[in-house]
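Trainee: Give the three-dimensional model of this entry:
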Amino acid sequence: MRVIMFDIDTLRADHMGCYGYGRDTTPVMDSVAEEGVCFDRYYCPNAPCLPSRASLISGQYGIHNGIVGHGGTAADMRLQGESRGFTDLMSENGLFMQFRRAGFHTVSFSTFAERHSAWWFNAGFHECFNVGNRGGESAEMVTPHVLDWLERNGEEDNWMLHVHYWDPHTPYRTPADYESHFQGTPLPDDWITDDIFREHLLHIGPHCANEINMWNDDTFPQWPKHPGRLEDREAAKHLIDLYDDGVRYTDDNIGMVLDYLKSHGLYDENLAIIITADHGEDLGEFGVYGEHGMADEPVCRIPMIIRWPGVEGGKRVTGFHDNVDLLPTVQELLGTQTFGNYRYDGVSFAAALREGKDCSRPCEVLTQCAHVCQRSVRFDNYIYIRTVHGGYHLLPDEMLFDLEADPHEQHNLAEERPELCARGARMILDWNDEMMKTSAYDADPMWTVMREGGPEHCRGHLEAYLDRLAGTPREYGIPLLKEKYSYWSRGEQ
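Mentor: I've put the predicted structure just below:
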């Protein structure tokens with residue numbers, strides 16, 4: 001058996017053809033979905049990059065493994081402490097270690113561990129290829145190494161390749177000579193009207209139309225396609241086109257790898273393919289462009305496509321699942337055993353693959369503490385979002401959206417549907433209680449982030465941002481920000 005896992009940064013599920021998108025962004029991945037099993041409501045429970053992959057590798061939510069943010073204490077995997085033996089249990093039980101324990105030769109093509117000082121990510125790999133750009137690389141820097149490895153080793157049996165592509169991640173960076181597939185063609189869902197975009201121009205907060213570069217409108221010569229600001233609605237469309245180009249460019253490179261396997265007789269019934277992402281992207285939702293800074297649907301819903309030997313293809317799984325479920329699923333499929341007294345939060349969905357059995361949860365609780373501090377719950381057709389720190393966006397403390405009627409989260413139903421807000425709040429509270437009952441630590445790491453000064457990407461930026469707003473049409477936000485974030489504006493972080 002051979003396994004290849006495509007780990008794609010910032011791949012928003014609803015911008016893929018197999019998830020209903022109207023543009024031809026993912027023809028190669030769509031073809032894999034036709035041969036495999038596609039999960040419709042699959043989530044990263046801890047967004048964005050570092051917390052999501054911590055959950056993926058550990059099989060634990062951030063409230064247990066400790067990683068919910070991008071800086072401070074909550075950006076490090078919790079130490080096992082007194083019970084630690086010669087090696088720690090997380091490293092011995094992580095996702096990639098399952099393949100190694102099952103006898104696979106494991107190889108990663110990724111810069112992720114270096115980008116986030118997350119060296120635990122490499123546990124279980126025999127080989128790690130790091131092109132050295134810390135996530136700034138494009139696929140043409142990665143794919144040749146994958147093809148070279150396959151040329152030298154592909155005929156061997158029992159290998160597992162982890163191939164990590166960054167191209168949908170901001171800054172959008174397809175090569176200068178890469179011809180756009182989408183510039184000049186209409187968006188499938190042109191929901192950003194002139195009126196909505198005028199509102200976006202008045203939005204307060206990072207990564208808005210006036211500050212694509214988070215806190216300012218700087219541009220960079222190494223990424224000439226990526227704009228610093230959006231002047232008009234057409235510019236907003238252009239940014240979404242760039243994102244879709246990044247998705248298509250990734251798909252093109254996956255196609256090169258799969259074409260190699262096909263041309264060398266390696267694309268057979270014994271080849272497993274896993275396609276997933278760490279998180280998605282907001283592309284205008286909440287007035288935010290080109291960022292993954294909320295615990296909302298566009299950021300937290302991710303693809304999961306699995307083609308596995310012996311599993312009937314062409315099926316869809318509709319229930320709620322998230323990325324902590326992959327580890328126990330792989331463990332069951334490979335027949336590996338848990339090492340020591342280690343606890344997974346995930347639930348195996350192997351029976352869903354093999355037998356079509358419903359292994360789903362009734363809801364999904366989602367956490368984001370890198371750009372904002374939010375905890376959300378996804379249930380039925382709704383997402384309920386509680387904001388503790390809005391990352392200097394002027395967000396309500398409670399938000400509720402009917403995603404079937406309002407997929408871009410424009411109409412907050414919190415005041416109209418208090419009974420649903422109460423239901424969502426209770427789900428989060430019950431989940432939090434259950435997580436803390438089984439935690440070896442006293443603190444919920446979300447509150448560690450708050451005690452250490454709030455989300456990492458906001459620390460130290462408020463005063464300069466207030467100065468930037470002065471004398472502009474957004475000056476109205478200065479007193480509102482000072483009132484809402486008075487603790488931080490007094491410099492007490």
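Trainee: give the contact list for residue 224.
Mentor: Neighbouring residues of residue 224 by C-beta atoms under 8 Å, 6 or more residues apart in numbering: residue 176. Yep, even glycine has a C-beta here, placed from its N, CA and C like the rest.
Trainee: Which helix runs longest in this structure?
Mentor: helix 233-263 (DSSP state H).
Trainee: Report the next helix or strand after that helix in sequence order.
Mentor: Remark: after helix 233-263, the chain's next helix or strand is strand 271-277, criterion DSSP states H and E.
Trainee: follow-up on the earlier one: mind listing what's buried in the longest helix of the chain?
Mentor: 233, 236-255, 257-258, 260-261 (16 or more other C-beta atoms under 10 Å).
Trainee: you'd agree residue 156 is up against residue 107?
Mentor: No. Residue 156 is beyond contact range of residue 107, at 11.2 Å (criterion: C-beta atoms under 8 Å).
Trainee: Identify the residues contacting residue 428.
Mentor: Residue 428 neighbours (C-beta under 8 Å, 6+ apart): 365, 375-377, 384, 386.
Trainee: what separates the one helix or strand it maps to from the chain centre, distance-wise?
Mentor: Using DSSP H and E, residue 428 falls within helix 418-437. Taking C-alpha atoms, centre = their mean, to the nearest Å, one finds the center of helix 418-437 at 23 Å from the center of the full chain.
Trainee: and whichever helix or strand comes after that helix, what does it pack onto?
Mentor: Sequence-wise, the next helix or strand downstream of helix 418-437 (DSSP H and E) is helix 445-451. With contacts taken as 3 or more C-beta pairs under 8 Å, 6 or more residues apart in numbering; DSSP states H and E, helix 445-451 sits against helix 62-65, strand 373-379, strand 382-389.
Trainee: Beyond helix 445-451, next helix or strand please.
Mentor: Beyond helix 445-451 toward the C-terminal end (DSSP H and E), the next one is helix 462-469.
Trainee: hmm, back to that, please say which of residue 156 and residue 107 ends up with more neighbours.
Mentor: residue 107 (21 against 9; other C-beta atoms under 10 Å).
Trainee: In a strand, the more buried one, correct?
Mentor: Yes. Judged by DSSP: H, G, I helix; E, B strand; the rest coil, residue 107 forms part of a strand.
Trainee: Look up how far residue 363 lies from it.
Mentor: Separation of residue 107 from residue 363 (C-beta to C-beta, to the nearest Å): 37 Å.
Trainee: returning to what we had before: tilt between the longest helix of the chain and strand 271-277?
Mentor: 170 degrees (axes from the mean of the first three to the mean of the last three C-alpha atoms, to 10 degrees).
Trainee: for helix 233-263, packing partners?
Mentor: Right, helix 233-263 is packed against strand 2-8, helix 27-35, helix 143-153, strand 159-165, helix 194-201, strand 271-277, strand 282-283, strand 289-291 by 3+ C-beta pairs under 8 Å, 6+ apart.
Trainee: next one: the second one to chain centre, how far?
Mentor: Helix 27-35 has its average C-alpha position 20 Å from the chain's average C-alpha position, going by C-alpha atoms, centre = their mean.
Trainee: Show me what that helix packs onto, helices and strands only.
Mentor: Helix 27-35 packs on helix 233-263, strand 271-277, strand 304-307, going by 3+ C-beta pairs under 8 Å, 6+ apart.
Trainee: So what touches it?
Mentor: Counting by C-beta under 8 Å, 6+ apart, 6, 16-18, 251-252, 254-255, 258, 273, 275, 303, 305, 307, 313-314 sit against helix 27-35.
Trainee: And for the longest one?
Mentor: Surrounding helix 143-153, the residues in contact under the criterion C-beta under 8 Å, 6+ apart are 105, 107, 109, 129, 131, 159, 161, 163, 253, 256-257, 260-261, 264, 266.
Trainee: Out of those residues, which is nearest to residue 195?
Mentor: Proximity of the contacts of helix 143-153 to residue 195 (C-beta to C-beta) peaks at residue 253, which lies at 38.5 Å.
Trainee: Enumerate every residue touching that closest one.
Mentor: Applying C-beta under 8 Å, 6+ apart, the residues near residue 253 are 139-140, 142-143, 165, 167.
Trainee: For these, give me a markdown table that also has neighbour count and distance to residue 223.
Mentor: Listed next are these as a markdown table, based on neighbours: other C-beta atoms under 10 Å; distance: C-beta to C-beta, whole Å:
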| residue | neighbour count | distance to residue 223 |
| --- | --- | --- |
| 139 | 26 | 15 |
| 140 | 15 | 15 |
| 142 | 24 | 17 |
| 143 | 21 | 19 |
| 165 | 27 | 16 |
| 167 | 28 | 12 |
